[in-house]
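*Asks:* Sequence first, then the predicted structure:
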Amino acid sequence: MIKFLFKGILRDRSRSLLPVIIVSIGVLLTVFLSGYFTGVFGDIIDINAKFTSGHVKIMTRVYAENKDQVPNDLALMEVGELKTKLNLEYSEMEWVSRTHFGGLIDVPDENGETRAQGPAAGRAVDLFSPESQEIERMNIGNSVVKGVIPTKSGEAIISDDFAERFSVNIGDEVTLFGSTMNGSMMFHNFIVSGTIRFGPAMLDRGAIIIDITDAQMILDMEDAASEVLGYFKDGLYDTEKAGLISASFNEKYSNVNDEFSPQMFKLEEDAGLDEYLMLADSMSGVMITFFIIAMSIVLWNTGLLGGLRRYSEYGIRLALGEEKKHIFKTIIYEAILIGLLGSVIGTILGISLSYYVQETGIDFSNIMENTTMMFPQVFRTLVKPAHFFIGFIPGLFAVVLGNALAGFAIYKRKTAQLFKELEV
Amino acid sequence: MAIIEINNLVKKFPVGKGFFTALNDVNLTFGEGEFTGLVGPSGSGKTTLLNIIGSLDTPSEGSAVVLEKSIAELTHKQSAKLRNQHIGFIFQTYNLLPVYTVYENVEFALLLQNMNGTERKKAVMQALEWVGLTDKIKSKPNMLSGGECQRVAIARSMVKKPQIVLADEPTANLDSKNSHHILQTMEKLNEELKTTFIFATHDEKVMKYMKRIISLKDGQVDNDVQINHSETSNLKL
C-alpha cells in the first residue's frame, strides 16, 4: 500500500515537485545559514581571542577597570613567576604575555627633522622565542605586505596604511614617542622591517608591532606586561573550561582588597562577547524554529491545495472502503517521504554551498573599512557534523505539520459530507 | 433472502434553521442477485438512498440493515470495512485515479484488503478480463475512452467480488453504444456472480435492462415493480 502511494507521489509531480522544492530550499537555507552563523560567530570569537582577549586573560584588577586607556603603570609585575605558576597549574593552556602601548610615530626626513607624525597603537608580542606561537596565532606572517617580520631587537613592523600615507620604506628609521611604565617620557628609534595589514581597521590604524623584550626595555617594564593571555592548546575555545580555570585562578590569586592583584577573565567577559556567544548558541535553534514555522505555513497551503486537488481521490478511497484514519496516515507517510527527499536534497545543496563559502569566503572588507569593531573581513561558513542532519528537523517537521493541518480538515468531516463535497 | 432491508427510513438534512427531508418513510427490501434501478427526478432521493445503503451516510430515523448490519449502529471503521469487503461503487464520472494505470486502479481495492501479491494479480486480471480490458493494463485513464474508463470502474468495483454494487448514473457520460456495452457487462456479471446491482438513473437505456424498477418521488417510494423488459415503456416515472 505504501509502495503504491509513493508510486503515485512520484508520478504526480504537482503533488511532489513543489513540496520537495519548498522543503529543499528551506533546508538549504537552514543548513547554509547555520553554517554561516557558526562560521561568522566563530570567526568573531576567534579574531577577538587571538588579538585581544585570549581564551582567558589576566590583568591587574585596576588595569582591567581602566584598560581602554592602556594604563601600563598599572601593569602586571613579576610576569615570569606568574607564567611559571600558570604553566604548572593550568598546563592545558599556553600562556603568553603581551603589552599594549600608545604614543606617536615620528617619521624623520634626510636631515633627521620630523617629516610626519601619526598616532601609534603598539603591540608587543613574543616574536623572537623559537617556541612562541604568536606569529602564527596573530597571522602576522600572512599579513605582511612588504618586507619581513622583525628578527632582531630594534626592528618594528608598522601598518601598511601608515607607511603608504607617510612614504615610509623598508629599512627606514622611525621614532616611537610615548611614556614608560613609570610615567617618564620615552623615545626610541626602530628600523622598519616590514609593513602589515590585518584587515580590520581597528587593528591596522597606527599599528606598530615590536618584540615584547624591546617593549619591556623601552617602557621600563622589566618582567612586567600589560596582560597575560591563555590559549587552549587545541586552539578551540571552551567556555565551561575557561570559566572553571578563571574561577579557580581568581579564588587562589585574586584579592578584592588589592587592586594590583591579578584577575583572570574568560573571553566573553573581557571582549563583551557574552551576547554574541549566547546568540551563536541559540542561532541554530532560532533558525530551525523560523524555518519550521515559515515552511509549515507554505506547506500547509500547498497541502491544502493538493488536498483540494485530490478530494476526488480521497472520496474514491473512502468509497472503496479505506478508513479516514488510514487516509490521514497515508497523507503523513507521503509528507515524511517528501520531507526526507527534500531534506536530503536541501542538505546536499546546503553543505555544498557552505563548503564553497567556507573555502572562498565572502569578502566584506570594503564595507568594513572604517569599522572599529573586531570583525573578520572575509565571512566564512563553517561546516560541522551537526549540519549534516540539522536541516532534517525543519524539513521533516514542517512538511508533516503542513500536511497534517491540511489533512485534518478531511479527517474532521463527516464521510457523507466529504463524499458530497468531493463531487463523486 | 433479503440482503438489504430498509424500514421506515427517513433522512433529513439541515437547511438553514429547518430541515430538508430527502427520504420519507421508505420501506424496501433487496434480495441477492437483484438488478434494480432507482429512478426518479433530481432531488427524489436516489443518491441519498444509495449513500445510506453504501454506509456513506446514516438514517435520521428508521433503519437500514445491509448484510445483517444496521447502518446506523456501525462505527466509522465498521462501515469502512463493510464497503471494503462487500460493496462496490460505480460513479457517473468514473473517478479513476489519474496517476495510476488501469491495472493499478483495479488493484487498489484489493490493496485495502491486504491480499497477497499473487492472489491480487490473479483477481485483477480476472476482473479486467470480465470487462475486456486485459490489453490496456498499462494505460493511464487519460489514454482511454469514456466507455473504457467506465469498464475500468466496473472492474474496480467487481474485483473484490462484492455482494452489492451501487451504481450512480453509470451511463450518464456515455454514448448509446458504450452504454449498452457497459450494461451488458454488468448484466453478465450479475448473472454469473449473483451480485446485487442497484442503479440510480434517469436513463431509459438503463431501465430496459432492469429486472426491478423502484420509482422515487419527493423522497418516497412511488412505485416498485418486478418487470419484464417489454413493460418498461409503461412505467410511471
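*Replies:* Yep, that arrived. Just so it is clear, the model here is predicted, and its values are computed rather than measured. Numbers count the residues shown, from 1 in each chain, chains lettered A, B, ... in the order given.
*Asks:* What is the burial count for the nearest residue to residue A:137 once chain neighbours are set aside?
*Replies:* Spatial nearest neighbour of residue A:137, excluding adjacent residues (Cβ to Cβ, 6 or more residues apart in numbering or on different chains): residue A:50 at 5.3 Å. Placement of C-beta: from N, CA and C, glycine included. For residue A:50, the tally of surrounding residues (other Cβ atoms under 10 Å in any protein chain shown) stands at 19.
*Asks:* who's in contact with the longest helix along chain B?
*Replies:* Selection of the longest helix in chain B by residue count, based on DSSP state H, yields helix B:176-193. Applying Cβ atoms under 8 Å, 6 or more residues apart in numbering or on different chains, the external contacts of helix B:176-193 come out as B:33, B:35, B:130-132, B:145-147, B:150-151, B:154, B:158, B:161, B:165, B:167, B:170-171, B:174, B:195-197, B:203, B:205-206, B:209.
*Asks:* how about residue A:266, what does it touch?
*Replies:* When the contact criterion is Cβ under 8 Å, 6+ apart, the partners of residue A:266 are A:55-56, A:239, A:242-243, A:245-246.
*Asks:* Please apply the same query to residue B:71.
*Replies:* Taking Cβ under 8 Å, 6+ apart, we find residue B:71 in contact with B:52-53, B:55, B:58-59, B:63-65, B:79.
*Asks:* Buried ones among those?
*Replies:* Burial by neighbour count, 16 or more other Cβ atoms under 10 Å in any protein chain shown: within those this picks out B:52-53, B:55, B:58-59, B:64-65, B:79.
*Asks:* OK, contacts around the residue in chain A that chain B sits nearest to?
*Replies:* Scanning chain A for the residue nearest chain B gives residue A:321, at 2.4 Å (criterion: Cβ to the nearest Cβ). Neighbour list for residue A:321: B:80-85, B:87, B:109, B:112 [criterion: Cβ under 8 Å, 6+ apart].
*Asks:* Am I right that it falls within a helix?
*Replies:* No: the assignment for residue A:321 is coil, going by DSSP: H, G, I helix; E, B strand; the rest coil, so no helix is present there.
*Asks:* Nearest residue to it in space, please, no chain neighbours.
*Replies:* On the basis of Cβ to Cβ, 6+ apart, the spatially nearest residue to residue A:321 that is not a chain neighbour turns out to be residue B:84, at 2.4 Å.
*Asks:* And for residue A:310?
*Replies:* Here the nearest residue to residue A:310 in space, its sequence neighbours aside, is residue A:15; by Cβ to Cβ, 6+ apart that works out to 7.5 Å.
*Asks:* buried ones in whichever strand or helix holds that neighbour?
*Replies:* Element membership for residue A:15, per DSSP states H and E: helix A:13-48. Within helix A:13-48, the residues that qualify as buried are A:15-16, A:18-20, A:22-48, counting by 16+ other Cβ under 10 Å.
*Asks:* Tell me if I'm right that residue B:98 and residue B:139 touch.
*Replies:* No: checked against Cβ atoms under 8 Å, the pair residue B:98 and residue B:139 is beyond contact range at 11.8 Å.
*Asks:* Which residues of the stretch 251-400 of chain A lie near chain B?
*Replies:* A:312-313, A:315-325 (Cβ under 8 Å from any Cβ of the partner chain).
*Asks:* which residue ranges form the strands in the stretch 251-400 of chain A?
*Replies:* Taking DSSP state E, counting those that start in this stretch as the criterion, the stretch 251-400 of chain A carries its strands at A:262-266, A:362-363, A:378-379.
*Asks:* Tell me the helices and strands packed up against the second one.
*Replies:* To tie it back to what came earlier, the one meant is strand A:362-363. If you count contacts as 3 or more Cβ pairs under 8 Å, 6 or more residues apart in numbering or on different chains; DSSP states H and E, strand A:362-363 packs onto strand A:378-379.
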